[in-house]
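K.L.:
Give me a 3D structure for the following:
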Amino acid sequence: MPGNFVNTYLRVSLVFWYLWACVRYRALPWNYFQLNSSYFNKRKGIFSKLEMDRLIPEPFRLKQQYYDPDKLSENYPVFIKPEWGQNSSGIVRVCNNQEYMAFQKVAETIDLPFIVQSSAPGQKEFEIYYLRSSGNIDKYSFISITEVINTCEKYHPINSIHNPCTGYREITGSFSEKEIQAVWAILKGIGEFRMARVGLKADDIKDIFKGEFHIVEINLFLPMPLVLLADNISLDEKKRIIKKTMSDAAKLVKGIPRGETGERIFFQKMKAHYKVKQ
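P.N.:
Model (predicted):
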């Protein structure tokens with residue numbers, strides 16, 4: 001099947017099997033948007049990247065601060081990004097002082113604060129998607145490790161599902177349960193997110209098990225399991241993953257305390273997303 005058709009099919013399947021699971025477990029489907037509501041900044045109407053950054057232990061954290069055209073970066077390249085964004089929307093790579101100062105014209109046209117993030121030293125990029133166990137937050141019910149491959153740029157690319165140069169390779173099956181547990185031991189302590197996709201950079205996947213990596217991004221709002229876009233697994237396996245993850249998501253939704261379901265996160269996030277896309 002053509003790539004665009006497959007991607008559409010997968011997205012529709014995610015929604016279908018999630019709704020089916022909600023009926024099965026008697027969960028309210030719209031509470032999916034509340035899975036990480038305790039980390040939602042009500043005043044700003046976003047999941048703040050800077051607030052997520054503060055949850056990351058120092059060894060894995062990249063330097064980040066608000067964009068200020070009068071405070072130039074000491075090292076380049078850096079990435080300027082909206083304080084909130086999805087799928088790399090609004091991210092710009094800046095390679096010198098002139099580009100850094102010139103970005104002020106862009107920042108003035110968008111009603112959102114921008115942050116500056118140092119570039120990660122690792123040569124390889126990985127995305128780890130997980131769902132916690134509905135019965136024990138110290139365990140995961142699903143986890144996948146996907147390598148991100150850019151066919152156009154070798155150094156510091158801006159990868160995204162919308163970037164035609166970006167591809168994905170499923171590598172979870174390459175590791176032992178002990179190695180995966182080593183990764184989980186680190187990730188589970190970075191917030192108590194019910195569902196998340198964490199972007200990492202390291203020189204090699206084995207470095208992650210040693211704790212030698214940097215976290216580039218934590219995605220909390222509608223994070224798609226990028227293993228579904230991997231070229232090295234079959235469509236049947238992707239269907240199995242969809243059924244598994246959506247069933248687990250419905251169980252998590254079912255268990256959200258009533259006090260966490262009052263915020264209209266979806267509409268506020270769409271408003272912020274529209275600002276970034278302008």
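K.L.:
Quick check: Gln34 touching Ile256?
P.N.:
Yes - counting by C-beta atoms under 8 Å, Gln34 does reach Ile256; the two are 5.7 Å apart. Using the backbone N, CA and C atoms, a C-beta is placed for each residue, glycine as well.
K.L.:
Let me know how buried Thr109 is, in neighbour terms.
P.N.:
When counting by other C-beta atoms under 10 Å, one arrives at 8 neighbours for Thr109.
K.L.:
Spell out, range by range, the strands that occur in the stretch 151-278 of the chain.
P.N.:
Here the stretch 151-278 of the chain has its strands, by DSSP state E, counting those that start in this stretch, at 166-170, 195-202, 214-219.
K.L.:
As TSV, those with mean neighbour count and mean pLDDT would be great.
P.N.:
Listed next are these as TSV, based on neighbours: other C-beta atoms under 10 Å; pLDDT from 0 to 100:
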stretch	mean neighbour count	mean pLDDT
strand 166-170	19	95
strand 195-202	22	96
strand 214-219	21	93
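K.L.:
right, and the ones you listed - which one's nearest Arg132?
P.N.:
Proximity to Arg132 (C-beta to C-beta) singles out strand 195-202 among the strands of the stretch 151-278 of the chain, at 7.3 Å.
K.L.:
helices or strands next to the closest one in the packing?
P.N.:
strand 124-132, strand 214-219 (3 or more C-beta pairs under 8 Å, 6 or more residues apart in numbering; DSSP states H and E).
K.L.:
and the first one, how far out from the chain's middle?
P.N.:
It stands for strand 124-132. Distance of strand 124-132 from the chain centroid (C-alpha atoms, centre = their mean, to the nearest Å) equals 8 Å.
K.L.:
tell me the angle the following helix or strand past it makes with strand 124-132.
P.N.:
Using DSSP states H and E, the next helix or strand after strand 124-132 towards the C-terminus is strand 140-150. With axes from the mean of the first three to the mean of the last three C-alpha atoms, to 10 degrees defining the directions, strand 140-150 sits at 160 degrees from strand 124-132.
K.L.:
quick one: strand 140-150 to strand 195-202, angle?
P.N.:
With the same axes, to 10 degrees defining the directions, strand 140-150 sits at 40 degrees from strand 195-202.
K.L.:
Name every strand pairing with strand 140-150 and say which way it goes.
P.N.:
When pairing is defined by DSSP bridges, strand 140-150 lines up against strand 124-132 (antiparallel), strand 166-170 (antiparallel).
K.L.:
where in the stretch 51-200 of the chain is pLDDT low?
P.N.:
The stretch 51-200 of the chain contains residues with pLDDT under 70 at 85-88.
K.L.:
Burial check on Gly255, number of neighbours?
P.N.:
If you count neighbours by other C-beta under 10 Å, Gly255 ends up with 16.
K.L.:
Would you confirm that it contacts Ser134?
P.N.:
Yes - Gly255 lies in contact with Ser134 (C-beta under 8 Å); the separation is 5.1 Å.
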